[in-house]
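**Q** Next one to model:
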Amino acid sequence: MKISGILLLSSLLSFTLFQITKSEPVVDTNNEQVMTGSTYYILPATTGNGGGLTLAQGANGSCPLNVYQAQNSQSVGLPLRLLMVNSSSGLVIDENEAINIKFAAPKYESICKKSTVWKIEEGLVTTGGIKGGLVSGTSTCLFTIQKYEDAYALQYWPRPKGRTFVCPKLSCGYIGISPVANGSRRLAVNRTACKIVFKKA
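**A** Numbers count the residues shown, from 1 in each chain. Below you'll find the predicted structure:
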């Protein structure tokens, strides 16, 4: 009897750890639901804290293009699309949902002959990723949108293939700013979260 009770408790704990609770839809600055297929600017939630997101080549014009925050607070940067990894989820992007992020800027794809889908490389946000982006069972291209205080934050979420549990802290992290010597603001993982909003392009 004791063994069966322990097994039941173990099963309940496993279910609790791995179940997904219903998340709220992400909304833009017009309080409208953020939709896959639409284009948005990702902007800081507080004014005077830099501008939107943009792309630039690495040192000496190297590829792939890297993701930066514009230094000019008046710049909205480049438009982006949020791509659902699970095509059966519908059109509305929910908090905590696995997504890919892609710049909707075709001319930039021709610069390095690579996609503008985000991926993480050596802790930094770069491009050249693929939708889903699974390599050896995990993905360098999966992100989520988290509610963060009165706004949102992006989180890198390299979950194992087919698993739906919330990502352990050691395997993921908030997307924040890694300052560069020339004053540029490059996006990186495991930094203080950038509070962001989504403005429809």
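**Q** and K102, how many neighbours does it have?
**A** 21 (other C-beta atoms under 10 Å). (Each C-beta comes from the backbone N, C-alpha and C, glycine too.)
**Q** which SSE is it in?
**A** strand 99-103 (DSSP states H and E).
**Q** For stretch 32-52, measure first residue to last.
**A** 19 Å (C-alpha to C-alpha, to the nearest Å).
**Q** and it, which residues are buried?
**A** Within stretch 32-52, the residues that count as buried by 16 or more other C-beta atoms under 10 Å are 34-36, 38-45, 50-52.
**Q** returning to what we had before: how about the helix or strand following the strand holding K102: buried residues?
**A** Counting by DSSP H and E, the next helix or strand C-terminal to strand 99-103 is helix 106-112. Neighbour-count burial for helix 106-112, counted by 16+ other C-beta under 10 Å, picks out Y108, E109, I111, C112.
**Q** and what of stretch 72-89?
**A** Those buried within stretch 72-89 under the rule 16+ other C-beta under 10 Å are S75, V76, G77, L78, P79, L80, R81, L82, L83, M84, V85.
**Q** Any regions of this structure where pLDDT drops low?
**A** Residues of the chain that meet the criterion pLDDT under 70 lie in 1-22, 87-89, 133-138, 159-171.
**Q** Let's check: the centremost residue of it is which one?
**A** Note on the chain: the residue nearest the mean C-alpha position is F143, at 3.4 Å, using C-alpha atoms, centre = their mean.
**Q** thinking again about what came up before, pipe the buried residues of helix 106-112 into a markdown table and attach distance to A193 per row.
**A** Output for the buried residues of helix 106-112, formatted as a markdown table (distance: C-beta to C-beta, whole Å):
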| residue | distance to A193 |
| --- | --- |
| Y108 | 26 |
| E109 | 29 |
| I111 | 29 |
| C112 | 28 |
